[in-house]
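Trainee: After the sequence you'll find the predicted model.
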Amino acid sequence: MTNRRVKFALVACFVAACLFTVSAQQQQKPSSYAPVDIKESFASIMARMKAAKAEVMKRQMDLLNERYDLSKRVANEVTMTRGKPIPVGPAARLASGLTWESLGNMSPEEIRDKGLFPKGFLPLPHPNHPEGGMIFPKMMLDLLVKMGEGNRLERFDLDFDLPEHFLPEFPPAIFLTTRPDLGDVSQGKLVTLANFYELFNGILNPKQLDGLRLLVTQFPQQQFNATEDRRTETPSRGVACFDCHVNGHTNGAAHLVGDIRPQQNRRRIETPSLRGVNIQRLFGSQRALKTVEDFTEFEQRAAYFDGDPVIATKKGVNILDRGSAVHDMSEFQELLDFPPAPKLDLFGRLDPRKASPAEMRGEALFFGKANCATCHTPPFYTDNLMRDLKVERFYKPQMINGLLATTQGAIKTFPLRGIKESPPYLHDGRLPTLEDTVEFFNIVLGTKLAAQEKKDLVAFLRTL
């Protein structure tokens with residue numbers, strides 16, 4: 001009897017140990033869900049994250065300085081609509097002794113095996129990738145304070161990372177497809193809930209006005225809300241669509257995509273411009289949403305809360321009615337036009353009477369040797385498709401400040417109209433200038449452009 005009891009006890013211990021091991025393994029596996037019932041007090045969370053902020057931002061800025069020359073270099077002769085000079089590069093740093101020409105002549109395998117792919121061309125992490133969340137440039141925060149809206153978009157745990165000279169002008173101009181005769185209708189102002197009616201009454205119809213009202217209305221978001229799980233010192237009403245898509249364009253605000261797990265695989269997403277939404281047929285850099293209505297609804301119901309409906313319910317998700325609110329918001333977005341391009345003809349090609357020799361040479365390269373027009377077709381310079389550049393051919397999988405740089409898949413072909421007004425480039429903003437973009441694609445596409453050809457190509461891109 002005693003032996004049987006001992007055997008039973010041993011078996012029981014073995015089973016318990018197995019169950020504990022399985023349980024431990026399950027706990028180690030990353031979860032798709034964020035914690036909902038926060039046990040730590042808000043005061044404790046804020047104190048802890050404030051204390052860590054300096055180290056977090058130093059780590060990110062060390063990374064950026066290793067990757068890029070962050071000094072201010074601009075082309076004063078080429079400006080955005082309201083006069084901001086465009087940044088000039090390339091800003092990405094090369095390995096010691098390497099030149100862009102020698103790099104462009106190497107095979108993907110040689111670049112990968114020797115570790116020569118410019119670090120500035122690797123995926124760009126969020127300033128605090130394990131934490132994530134919306135981040136807004138200081139120029140946005142400062143203007144909101146000046147306008148009397150306080151520091152409602154300022155996080156206590158993070159600052160924005162990219163220098164202002166690599167960002168779009170602020171506030172940007174607004175062009176409407178319905179009233180091209182008016183030119184820039186922004187009057188140099190940041191459109192908010194306080195002034196949208198004054199600026200647009202008499203220009204928009206009542207339905208479009210209501211859509212704009214919703215686009216500048218603040219609604220709860222993952223980091224900006226009234227719960228203890230927020231990243232603002234005081235309870236927040238949330239963010240508005242036009243806090244990121246400023247004036248229907250962009251201020252360079254960034255986030256992490258909400259539809260990828262685990263956290264290390266999520267990608268930084270730089271806010272794309274809404275200019276020219278009316279000609280686009282894909283929305284979201286990788287989601288391939290099919291209509292602007294899908295995009296509008298997805299953003300508030302899913303992307304705002306990292307694709308987590310439980311968190312969304314807790315923090316106060318704004319359920320948009322598809323037949324009225326979404327429709328009205330989308331109708332206004334469809335009116336946002338590209339900035340004028342006076343050197344282009346009716347078909348989106350350069351008018352030889354207006355273009356310089358360098359711009360004409362750049363156009364020939366764009367449609368020829370550089371192979372850009374395969375994806376970026378005129379007149380709007382997009383084919384509305386998804387393309388996989390297979391950039392992972394050039395580097396080995398690696399962790400970068402909490403981001404796993406590995407195979408990333410297809411991204412949509414963004415329109416190039418007005419491209420000089422939308423730095424930084426690529427979906428995650430890893431390419432600070434048009435020069436960086438040309439060097440990146442010269443390597444990735446293997447086009448082997450000469451130095452002068454790259455300059456000519458940049459000259460053409462500036463005309464779009």
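Mentor: In hand now; what should we look at?

Trainee: what's the pLDDT at Gln28?
Mentor: If you check Gln28, the pLDDT there is 67.

Trainee: all strands for the protein, in order.
Mentor: 74-79, 85-87, 254-256, 268-270, 386-387, 398-400, 403-405, 411-412 (DSSP state E).

Trainee: Reformat those strands as JSON lines; add distance to Pro379 and mean neighbour count.
Mentor: C-betas here are computed from N, CA, C, even on glycine. As requested, these are exported to JSON lines (distance: least, CB to CB, whole Å; neighbours: other CB atoms under 10 Å):
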{"stretch": "strand 74-79", "distance to Pro379": "21", "mean neighbour count": "13"}
{"stretch": "strand 85-87", "distance to Pro379": "22", "mean neighbour count": "21"}
{"stretch": "strand 254-256", "distance to Pro379": "30", "mean neighbour count": "23"}
{"stretch": "strand 268-270", "distance to Pro379": "25", "mean neighbour count": "22"}
{"stretch": "strand 386-387", "distance to Pro379": "20", "mean neighbour count": "14"}
{"stretch": "strand 398-400", "distance to Pro379": "38", "mean neighbour count": "13"}
{"stretch": "strand 403-405", "distance to Pro379": "35", "mean neighbour count": "20"}
{"stretch": "strand 411-412", "distance to Pro379": "18", "mean neighbour count": "22"}
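
Trainee: For the most centrally placed residue in the chain, give the beta-bridge partners.
Mentor: Central residue of the chain (CA atoms, centre = their mean): Glu270, 1.1 Å from the mean position. Judged by DSSP bridges, the bridge partners of Glu270 are Ala254.

Trainee: Correct me if wrong: it contacts Leu256.
Mentor: No. The criterion here is CB atoms under 8 Å, and Glu270 misses it with Leu256 at 11.1 Å.

Trainee: which residues in this structure form helices?
Mentor: Remark: helices assigned in the chain by DSSP state H are 2-28, 42-67, 100-104, 108-114, 138-146, 196-200, 206-215, 241-244, 292-301, 309-315, 327-333, 357-366, 434-445, 451-463.

Trainee: Let me have those helices in a markdown table, extended by mean neighbour count.
Mentor: Output for the helices of the chain, formatted as a markdown table (neighbours: other CB atoms under 10 Å):
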| stretch | mean neighbour count |
| --- | --- |
| helix 2-28 | 9 |
| helix 42-67 | 14 |
| helix 100-104 | 16 |
| helix 108-114 | 14 |
| helix 138-146 | 16 |
| helix 196-200 | 15 |
| helix 206-215 | 19 |
| helix 241-244 | 23 |
| helix 292-301 | 20 |
| helix 309-315 | 17 |
| helix 327-333 | 22 |
| helix 357-366 | 20 |
| helix 434-445 | 22 |
| helix 451-463 | 20 |
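
Trainee: Mind checking the ones you listed for the one nearest to Glu421?
Mentor: Set against Glu421 and scored by CB to CB, the helices of the chain come closest in helix 451-463, at 10.1 Å.

Trainee: quick one on the thing from earlier: just send the helices of the chain back as JSON lines, with distance to Arg275 too.
Mentor: Compiled in JSON lines, the helices of the chain are given as follows (distance: least, CB to CB, whole Å):
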{"stretch": "helix 2-28", "distance to Arg275": "45"}
{"stretch": "helix 42-67", "distance to Arg275": "27"}
{"stretch": "helix 100-104", "distance to Arg275": "31"}
{"stretch": "helix 108-114", "distance to Arg275": "34"}
{"stretch": "helix 138-146", "distance to Arg275": "18"}
{"stretch": "helix 196-200", "distance to Arg275": "17"}
{"stretch": "helix 206-215", "distance to Arg275": "14"}
{"stretch": "helix 241-244", "distance to Arg275": "13"}
{"stretch": "helix 292-301", "distance to Arg275": "13"}
{"stretch": "helix 309-315", "distance to Arg275": "29"}
{"stretch": "helix 327-333", "distance to Arg275": "10"}
{"stretch": "helix 357-366", "distance to Arg275": "20"}
{"stretch": "helix 434-445", "distance to Arg275": "17"}
{"stretch": "helix 451-463", "distance to Arg275": "16"}
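
Trainee: nearest to Val36, of those?
Mentor: Closest to Val36 of the helices of the chain is helix 309-315 (CB to CB; 5.6 Å).

Trainee: how about the closest one as CSV, C-alpha atoms only?
Mentor: Extracted C-alpha coordinates of helix 309-315, given in CSV (Å, rounded to 0.1, in the frame of the first residue of the first chain):
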residue,chain,number,x,y,z
PRO,A,309,-11.6,45.7,-29.8
VAL,A,310,-11.4,45.0,-26.0
ILE,A,311,-9.0,47.9,-25.4
ALA,A,312,-11.1,50.0,-27.8
THR,A,313,-14.2,49.4,-25.7
LYS,A,314,-12.4,50.3,-22.5
LYS,A,315,-10.9,53.5,-23.8
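
Trainee: and it, what's its mean pLDDT?
Mentor: Mean per-residue pLDDT for helix 309-315: 93.

Trainee: And for stretch 183-202?
Mentor: Stretch 183-202 carries an average pLDDT of 97.
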